[in-house]
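Trainee: No letters, just coordinates:
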């Protein structure tokens, strides 16, 4: 068999197999993220998202906050960590999140603000430190379904032992792209946990 023919066959298999592999990984991410795991926990951790130019929570962020609000009202959690940095709009995501929940009846004593949660990894690291300081041991992470697997991976890497999850009840067309983007992001985070760079 000529070498060029062998290379062509190999490339053909890659071209055919790669979309199947990517589709399978996207399906696994979606299945994992859509399967909520809710058990009574010390705290819910809500990851930040875009704030609208007027300073209001975007629909995506509001959906995350509503999910956390439901956990609090159902007494599944006693406290809520809201984590997010300041975006290009000039508003602190964590402050907007705190005000959103406070405006819906969550007492200030139950809300913990993390304004330094500028990435998923930073949120995990900061939340773990908050939990250690307050002697909390269990958490439920709240985000979009496609973001859940990576968030849980980061939380485990920071030593949070018992982690549940709830996905925000909102779906947008861009979720398809976001799910695809999670594949390399998950690989990066997995590698980061192996190299233990904190």
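Mentor: Ah, there it is. Note that the coordinates shown come from a computational prediction; the quantities given were computed from them, not determined experimentally.

Trainee: Could you report the neighbour count for residue 195?
Mentor: 7 (other C-beta atoms under 10 Å). From N, CA and C alone the C-beta is placed, and that goes for glycine too.

Trainee: which residues sit against the host helix or strand of residue 150?
Mentor: Using DSSP states H and E, residue 150 maps to helix 148-157. The set of residues external to helix 148-157 that reach it, using C-beta atoms under 8 Å, 6 or more residues apart in numbering, is 29, 32-33, 45, 47, 120-121, 123-124, 127-128, 139, 141, 143, 163, 165, 167, 182, 185-186, 189-190, 192-193.

Trainee: Of those, which belong to helices?
Mentor: 29, 32-33, 120-121, 123-124, 127-128, 182, 185-186, 189-190, 192-193 (DSSP state H).

Trainee: what's the burial count for residue 173?
Mentor: Residue 173: 7 surrounding residues under other C-beta under 10 Å.

Trainee: how about it, what does it touch?
Mentor: No contacts exist for residue 173 under C-beta under 8 Å, 6+ apart.

Trainee: I'd like the distance between it and residue 179.
Mentor: Noted for residue 173: a distance of 11 Å to residue 179, by C-beta to C-beta, to the nearest Å.

Trainee: Just the local confidence number for the closest residue to residue 26 other than its chain neighbours, please.
Mentor: Spatial nearest neighbour of residue 26, excluding adjacent residues (C-beta to C-beta, 6 or more residues apart in numbering): residue 179 at 5.0 Å. Listed pLDDT for residue 179 reads 84.

Trainee: Residue 179: which element?
Mentor: Element membership for residue 179, per DSSP H and E: helix 174-195.

Trainee: Can you give the contact residues for that helix?
Mentor: Residues outside helix 174-195 that contact it (C-beta under 8 Å, 6+ apart) are 22, 25-26, 29-30, 120-121, 144-147, 149-150, 153-154, 156-157.

Trainee: again, only using 6 Å
Mentor: Applying C-beta atoms under 6 Å, 6 or more residues apart in numbering, the contact partners of helix 174-195 are 25, 26, 29, 146, 150, 153, 154, 157.

Trainee: Now, of those, which are buried?
Mentor: The neighbour count (16 or more other C-beta atoms under 10 Å) marks 25, 26, 29, 146, 150, 153, 154, 157 as buried among those.

Trainee: pLDDT weak spots in this structure?
Mentor: Counting by pLDDT under 70, the ranges of the chain that qualify are 1-22, 196-198.
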